[in-house]
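Enquirer: Following is a predicted model, sequence given first.
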Amino acid sequence: MMVYRLHSEFVRNGRRLFQALLLLTGMALAACGGEGKDGKYGPEMLTNPATAGAAEVTADGQPVIVFEKEEHDFGKVIQGEVISYAFRLSNQGEAPLVIADVTSSCGCTVGDYPKEPLQPGEEGFIRVTFDSKGRQGHQSKVVNVVANTTPGTHSLRIMADVTLPEWQK
């Protein structure tokens, strides 16, 4: 019974601590003029009308991200190779497209993306690099692109069949 009380107290205090940190973070962003981590773009650039309070979701006046293709298969790769592919994208909407982050499903995959907004009609690239060191067999990795679009997250996929070098077979 004592353990349950200690756990409940910890959870209650943990929530309060989390709420305080959240409030302080919001205040810090407001004090900095809403600037993001790179000092250029704040949360107002990443508003997404497809949230709980949105009355209607439309593409009017919004950026629209369009990828030339959303999957790339590298085919056969020898273990240890580091390979890259650049996914071409364009902003086919009516507002500047801001890519906030690119994350991957694995530490072996890294995404590099445009840090400046893409104006309507502009094109850019998201370069995805895969390190096959320590990998073997069919590999499928997902890269998530977070942007100020509806929906706010887009998934790209890379695939490769990693084989051992001849000297290891």
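Expert: Now that the structure is in, tell me what you want to look at.

Enquirer: Quick one: the strands in the protein, in order.
Expert: With strands called from DSSP state E, the chain shows them at 65-67, 71-78, 82-91, 99-104, 109-112, 123-131, 137-147, 153-163.

Enquirer: Just the CA coordinates for the third one, please, in PDB.
Expert: Think strand 82-91. Written as PDB, here are the backbone C-alpha positions of strand 82-91 (Å, rounded to 0.1, in the frame of the first residue of the first chain):
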ATOM      1  CA  VAL A  82      27.100   4.800 -47.100                       C
ATOM      2  CA  ILE A  83      24.500   5.700 -49.800                       C
ATOM      3  CA  SER A  84      22.300   8.800 -50.300                       C
ATOM      4  CA  TYR A  85      19.200   9.700 -52.300                       C
ATOM      5  CA  ALA A  86      17.700  13.200 -52.800                       C
ATOM      6  CA  PHE A  87      13.900  13.200 -52.800                       C
ATOM      7  CA  ARG A  88      12.700  16.100 -55.000                       C
ATOM      8  CA  LEU A  89       9.800  18.100 -53.600                       C
ATOM      9  CA  SER A  90       7.900  21.200 -54.600                       C
ATOM     10  CA  ASN A  91       5.500  23.600 -52.900                       C
END
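
Enquirer: on that earlier part again, same list (the strands of the chain) but as a markdown table, adding mean neighbour count.
Expert: The C-beta positions use only the backbone N, C-alpha and C, and glycine is treated the same way. Below are these laid out as a markdown table (neighbours: other CB atoms under 10 Å):
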| stretch | mean neighbour count |
| --- | --- |
| strand 65-67 | 17 |
| strand 71-78 | 13 |
| strand 82-91 | 17 |
| strand 99-104 | 18 |
| strand 109-112 | 17 |
| strand 123-131 | 18 |
| strand 137-147 | 16 |
| strand 153-163 | 17 |
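
Enquirer: I'd like the ones you listed as JSON lines, with mean pLDDT appended.
Expert: Shown next, in JSON lines, are these (pLDDT from 0 to 100):
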{"stretch": "strand 65-67", "mean pLDDT": "97"}
{"stretch": "strand 71-78", "mean pLDDT": "97"}
{"stretch": "strand 82-91", "mean pLDDT": "97"}
{"stretch": "strand 99-104", "mean pLDDT": "95"}
{"stretch": "strand 109-112", "mean pLDDT": "93"}
{"stretch": "strand 123-131", "mean pLDDT": "97"}
{"stretch": "strand 137-147", "mean pLDDT": "97"}
{"stretch": "strand 153-163", "mean pLDDT": "97"}
